[in-house]
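*Asks:* sequence and predicted structure below; questions after.
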Amino acid sequence: MTDTIRSRERRTGWILLAPALLTLVLVYAYPIARSVWFSLFTQNLGTRLEPVFSGLDNYGRMMQDGRFWQTMSNTMVFTISSLILELILGMGIALVLNQAFRGRGSVRTIAIIPWALPTALIAATWAWIFNDQFGLWNDILLRLGIVESGVNWLGQPNLAMMAVIAADVWKTTSFIAILLLAGLQSIPNDLYEAHSIDGASSWQSFRQITLPLLMPQILIATLFRFAQAFGIFDLIQVMTGGGPGGATETVSLYIYATVMRYLDFGYGAALVVITFLVLILVVAIAALALSKLRTVTGGMNQ
Amino acid sequence: MTTIQMPVNPKAKPADRHFSMQKIVLWTAVVLIILFSFAPVLWQLLTSIKTNADISAVPNVYFPQQFTLQHYIEIFSRRPFFNYMLNSMFVAVTSTLLCLAIGTPAAYALARSRLPGERVILAIVLIVTLFPYILLFLGLLELVRTFGLANNYLALIIPYTAMNVPLTILVMRTFFQQLPRDLEDSAKVDGYSTWQMLLQILLPMTIPALATTGILTFIAAWNEFLFALTFITRESMKTIPVAVAQLSGSSIFEIPYGAQAAATVIGTIPLVILVLLFQRRIVQGLTSGAVKG
């Protein structure tokens, strides 16, 4: 009797689940599996766009491909620098927004705005701010006397990288701040009170209470942001198009150009597969760290 | 609002001597945060209503003597800007509704049905949220070609629906887990079938949570760039992000800073309004989607 109820319940469950799972398979699993298959073929203008089986040739070619390694290193520089800056700034903003002050609700609302805006439009905005002739940033630096003439931010390799990182930090810091703020709010006050009775300074309680208890949120935010930054496309495509001279070209831009401009589908697929594997590796490491952390801090956070 | 319920920060010790000093630091930080969050948008807004002469003045003009709506008129008369807005709106709304329609039942099943392999499914759903769209784009491109969906909104609506399904599942599952089970049990005792119970009793209660999720999915769909750039090439069918991004490259002789600023402002306004109206829901959804998973 109970068995039939259970099995009926399960059947309803699967029916409810089916449309969502099918959609995910169609849009996530199939394209990635397909890319793995594609990557074993050479299909480009050289083969008149006909797929010709070539085994692991595409991967061998990747090892020799200087542009691939350059884009990988660009992607790493971009991802790691923006992540570190975002975490520091996001933590600062979260700490401030956790204080009691008049109008806190409105300031919190304003702080979310960058996160909600379309990245492509934000890219256009920051390209304009970093404009070499009429840009706001050059104007501020000139007025402060920091530079003597306008700097061509998007025209020089290192500066262009700094500019896209700045734009990304602006855009996504609020996401991290929101997550960290939620974490801060879940830390009970008693902990701080007991700690300050013991004579601890603010900095000590930050180090000894806030940071350890916030670790799960920090790791989750890092994981999310790592994945997003690693696959960054719209921001850089619109701001610099990967230039100057490929200095800001990330793996996504390279994949896009390989497929859409050079029509090199097999090689593009191999690039997709490698990017996917790198991402999965990092996610696995982070997930492991997260689950260890959860067992260490025990029930405190859940 | 949530903010009012928050306890006073424990670190703000009411020691009078430090009080004013702490306040100054706090308010400086608050002003900096506001400036940080608003300045780039404000600069675009200002650019969009400046005359071309003021835009290209060096040093920059911060307080222009005259304002103009010329750039707005220009983008609406030279480009099908109204269409772009409608296109974005249509794609975002349709995919949001679809996503809620298939994601919510799935979330319910994962919260209640005690399915075998539930944890695996949840883990997969979580991992999927981390995939950048560039990984999907090649396979989707092939699908779009096979089914002849280029310049068809289905090529956007289906991926947008899918990319928001994980978030919907995570947020709605948290919501269903917080609902008391007795409610459903007593409905069954009262003779409701499972489907009746779901539609007539549970659905009305989920509306606030649906709104929370819907806002997040709408924002994500409105902002998407890569698929919109690749699958839609007909001018009149483009969405806002692509249209604005391509505005910059439209003319070699005169780079239309003013027009571009105006376009950016137009494209951001719906989102700024959404944030102003629903900031609490957005925060709620983001934190329950990301943290509790």
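*Replies:* Arrived safely, thanks for sending.
*Asks:* residue A:187: what secondary structure?
*Replies:* Here residue A:187 is recorded as coil under DSSP: H, G, I helix; E, B strand; the rest coil.
*Asks:* distance of it from residue B:134?
*Replies:* 37 Å (CB to CB, to the nearest Å). Quick note: C-beta positions are derived from backbone N, CA and C, even for glycine.
*Asks:* higher neighbour count, these two?
*Replies:* Neighbours per residue (other CB atoms under 10 Å in any protein chain shown) separate residue A:187 from residue B:134, with residue B:134 holding more: 24 against 17.
*Asks:* mind listing what the more buried one touches?
*Replies:* Contact analysis of residue B:134 by CB atoms under 8 Å, 6 or more residues apart in numbering or on different chains lists A:231, A:233, A:251, A:252, A:255, A:256, A:272, A:275, B:226.
*Asks:* any idea how chain B splits into domains?
*Replies:* For chain B, automatic domain parsing gives the domain ranges B:2-71, B:79-290.
*Asks:* weakest of those in terms of mean pLDDT?
*Replies:* Among the domains of chain B, domain B:2-71 carries the lowest mean pLDDT, at a mean of 76.
*Asks:* quick check: buried residues in stretch B:30-48?
*Replies:* B:30, B:33, B:36, B:37, B:40, B:41, B:43, B:44, B:45, B:46, B:47, B:48 (16 or more other CB atoms under 10 Å in any protein chain shown).
*Asks:* if we can go back for a sec, just the domains of chain B: most buried one?
*Replies:* Mean neighbour count, computed with mean count of other CB atoms under 10 Å in any protein chain shown, is highest for domain B:79-290 among the domains of chain B, reaching a mean of 19.
*Asks:* how far off centre is that domain?
*Replies:* 8 Å (CA atoms, centre = their mean, to the nearest Å).
*Asks:* and if you look at stretch B:37-54?
*Replies:* How far stretch B:37-54 lies from its chain's middle: 23 Å, per CA atoms, centre = their mean.
*Asks:* got a list of what residue A:139 touches?
*Replies:* Counted by CB under 8 Å, 6+ apart, residue A:139 has contacts B:58, B:59, B:60.
*Asks:* including secondary structure and distance to chain A, could the residues you listed go into JSON lines?
*Replies:* Listed next are the contacts of residue A:139 as JSON lines, based on DSSP: H, G, I helix; E, B strand; the rest coil; distance: CB to the nearest CB, whole Å:
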{"residue": "B:58", "secondary structure": "coil", "distance to chain A": "7"}
{"residue": "B:59", "secondary structure": "coil", "distance to chain A": "6"}
{"residue": "B:60", "secondary structure": "coil", "distance to chain A": "4"}
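*Asks:* what's the neighbour count on the residue in the stretch 1-150 of chain A that chain B sits nearest to?
*Replies:* Minimum separation of the stretch 1-150 of chain A from chain B (CB to the nearest CB) falls at residue A:31, amounting to 2.3 Å. Using other CB under 10 Å, residue A:31 is surrounded by 23 other residues.
*Asks:* that one: what's it in contact with?
*Replies:* Taking CB under 8 Å, 6+ apart, we find residue A:31 in contact with B:135, B:136, B:137, B:138, B:139, B:140, B:142, B:143.
*Asks:* the fifth one contacts residue A:34, doesn't it?
*Replies:* Right, residue B:139. Yes. Between residue B:139 and residue A:34 there is a contact under CB atoms under 8 Å: 4.1 Å.
*Asks:* quick check: residue A:7 vs residue B:198, distance?
*Replies:* 18 Å.
*Asks:* now do the same contact list for residue A:262.
*Replies:* Applying CB under 8 Å, 6+ apart, we find residue A:262 in contact with A:44, A:45.
*Asks:* give me the distance between it and chain B.
*Replies:* Using CB to the nearest CB, to the nearest Å, residue A:262 is found at 13 Å from chain B.
*Asks:* excluding sequence neighbours, find me the nearest residue to residue A:36.
*Replies:* In space, and not counting its chain neighbours, residue A:36 is closest to residue A:273: 5.5 Å by CB to CB, 6 or more residues apart in numbering or on different chains.
*Asks:* burial count for that neighbour?
*Replies:* Counted by other CB under 10 Å, the residues lying close to residue A:273 total 22.
*Asks:* any idea how far it lies from residue A:61?
*Replies:* Residue A:273 sits 13 Å away from residue A:61 when distances are taken as CB to CB.
*Asks:* with adjacent residues omitted, what lies nearest to residue 219?
*Replies:* Here I'm looking at chain A. Closest to residue A:219 by CB to CB, 6+ apart is residue A:290, at 5.0 Å.
*Asks:* the intended chain is chain B.
*Replies:* residue A:116 (5.5 Å).
*Asks:* enumerate the positions of stretch A:145-160 that are buried.
*Replies:* Under the neighbour-count criterion of 16+ other CB under 10 Å, stretch A:145-160 has A:150, A:151, A:152, A:153, A:154, A:155, A:156, A:160 buried.
*Asks:* which residues touch the spatially most central residue of chain B?
*Replies:* By CA atoms, centre = their mean, chain B has its centre lying nearest to residue B:219, at 1.7 Å. Taking CB under 8 Å, 6+ apart, we find residue B:219 in contact with A:116, B:271, B:274, B:282.
*Asks:* with that, I have no additional questions.
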